[in-house]
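> model this:
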Amino acid sequence: MAKTANINIRIDPEIKAGAEQLFASFGITITDAVNIFLHQSLMIGGLPFEMKQPRFNTVTETAMQEARDIANGKVPAKSYSSARELLEDLDSEC
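This is a model prediction of the structure:
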């Protein structure tokens with residue numbers, strides 16, 4: 001009988017549940033899927049998929065940088081005294 005080793009990992013419960021459902025639809029368990037991943041990695045000598053940094057369009061990149069600047073206190077965040085004031089400001093930007 002083959003020897004086995006345990007791997008303990010922490011994962012978001014929702015991701016785990018989704019993965020369990022996905023793999024169950026193929027008739028395999030998460031353990032089976034991890035074993036497949038590891039075997040594939042060893043066979044090709046790396047990750048069995050291409051890793052890339054996400055690319056966003058200029059508008060999204062600008063919005064993300066603005067959010068980082070606000071979070072880091074580099075840019076003051078706008079504040080509103082009411083939802084109506086917020087909506088009026090949003091309408092004026094269009």
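> Report the secondary structure state of Lys3.
When classified by DSSP: H, G, I helix; E, B strand; the rest coil, Lys3 comes out as coil.
> got the contact list for it?
Contact analysis of Lys3 by CB atoms under 8 Å, 6 or more residues apart in numbering lists nothing. Just so you know, the C-beta spots here come from the backbone N, C-alpha and C atoms, and that holds for glycine as well.
> following the host helix or strand of Arg68, which helix or strand shows up next?
In this assignment (DSSP states H and E), Arg68 forms part of helix 58-71. Downstream of helix 58-71, the first helix or strand assigned by DSSP H and E is helix 83-93.
> now could you export just the CA positions of stretch 47-67 as CSV?
The C-alpha trace of stretch 47-67 is given here as CSV (Å, rounded to 0.1, in the frame of the first residue of the first chain):
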residue,chain,number,x,y,z
LEU,A,47,2.7,25.5,-12.3
PRO,A,48,0.3,23.8,-14.7
PHE,A,49,-1.1,27.2,-15.8
GLU,A,50,0.3,30.5,-16.8
MET,A,51,0.5,33.2,-14.1
LYS,A,52,0.0,36.8,-15.1
GLN,A,53,-0.6,40.1,-13.4
PRO,A,54,-4.1,41.4,-14.0
ARG,A,55,-4.3,44.2,-16.6
PHE,A,56,-6.9,46.9,-16.3
ASN,A,57,-7.9,49.7,-18.5
THR,A,58,-6.7,53.2,-17.8
VAL,A,59,-9.9,54.3,-16.1
THR,A,60,-9.8,51.4,-13.8
GLU,A,61,-6.1,51.8,-13.0
THR,A,62,-6.8,55.5,-12.2
ALA,A,63,-9.7,54.7,-9.9
MET,A,64,-7.6,52.0,-8.1
GLN,A,65,-4.8,54.5,-7.6
GLU,A,66,-7.2,57.1,-6.3
ALA,A,67,-8.6,54.6,-3.8
